[in-house]
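Q: give me the fold of what follows.
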Amino acid sequence: MQVLTVLSMANFWKIVNDVIKEADIVLEVVDARCISESRNKEIEFKVQKAGKKLLIVLNKADLVEKESALKNAPKNSVLVSAKGRMGTTILKKKILELSRGEPVRIGVVGYPNTGKSSVINSLAGRSKASTSPQSGYTKGLQYVRAGKIKLIDTPGVIPFKEGDDFKQALIGAKDFNRVKEPDIIAMKLIESRGDEILQIYDVKKGNKEADEILEEIAFKKNHLIRGGKPDLEKVSRRIIMDWQRGVKP
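A: Below you'll find the model as predicted:
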């Protein structure tokens, strides 16, 4: 079993269990572009077993079509863009509805790079939780107050039982610099998220295969090696990086 090691797995699960125990409501922050892949069913089960309320925050909504995201949205979810300050008021209202206006403790969980700290800052209205586009940036618990709401930020360190490199790259849990075989991951991204990738680089699909599209992007971005040939590793890491950081067309 592969583990993203910002903390040991034992320490991670201790933190998760402590946060669930302390919190009145748990916010699970997921990537609105890949909802099912970025949900953590193990944590959701623990929340349910503890009898706590779960609210799923579909973050990065500025990178998806709203109607499509809402169509695939799970129960008890709110669509937001912490970066664009969209949906924050609705999220705060939902939290206060669940807490019936009383002071409430909110545990914020989720995979690395889904934007947990950014969601906290958008709720607080100021930058209190440190953020970074690099996965695994939060190293320990952070507490932030937003009026009657006390937010608990947790490190995004999740064990992947399936050891799926593509999933880890897709949801940003593994930083683009650490991805093995980036060309294979980039081609899978092109195959599974083709419309979004093609728009970012202004490439027309036509009858081209993923490897041909990868080469075309390399030429467009001047990622070349000696002899004018495409630098597939460099362009692949570029594509993965742009996806993880939410680069728009």
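Q: low-confidence ranges, this structure, go.
A: 1-10, 126-140, 156-163 (pLDDT under 70).
Q: just the strands in this protein please.
A: 2-3, 25-31, 53-59, 77-79, 104-109, 142-146, 149-153, 159-160, 224-225, 229-230 (DSSP state E).
Q: what's the closest of those to residue 217?
A: Closest of the strands of the chain to residue 217 is strand 229-230, at 8.4 Å (criterion: CB to CB). Yep, even glycine has a C-beta here, placed from its N, CA and C like the rest.
Q: related to what we said a few turns ago, could the strands of the chain go into JSON lines alongside distance to residue 96?
A: Output for the strands of the chain, formatted as JSON lines (distance: least, CB to CB, whole Å):
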{"stretch": "strand 2-3", "distance to residue 96": "36"}
{"stretch": "strand 25-31", "distance to residue 96": "10"}
{"stretch": "strand 53-59", "distance to residue 96": "12"}
{"stretch": "strand 77-79", "distance to residue 96": "12"}
{"stretch": "strand 104-109", "distance to residue 96": "8"}
{"stretch": "strand 142-146", "distance to residue 96": "11"}
{"stretch": "strand 149-153", "distance to residue 96": "8"}
{"stretch": "strand 159-160", "distance to residue 96": "34"}
{"stretch": "strand 224-225", "distance to residue 96": "55"}
{"stretch": "strand 229-230", "distance to residue 96": "53"}
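Q: how about CSV for those strands, with mean neighbour count added?
A: Shown next, in CSV, are the strands of the chain (neighbours: other CB atoms under 10 Å):
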stretch, mean neighbour count
strand 2-3, 14
strand 25-31, 25
strand 53-59, 22
strand 77-79, 21
strand 104-109, 24
strand 142-146, 16
strand 149-153, 22
strand 159-160, 16
strand 224-225, 13
strand 229-230, 16
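Q: nearest to residue 43, of these?
A: strand 104-109 (5.6 Å).
Q: picking that back up, so which of the strands of the chain is nearest residue 202?
A: Using CB to CB, the nearest of these to residue 202 is strand 229-230, at 16.9 Å.
Q: what strands line up against that closest one, and which way round?
A: strand 224-225 (antiparallel) (DSSP bridges).
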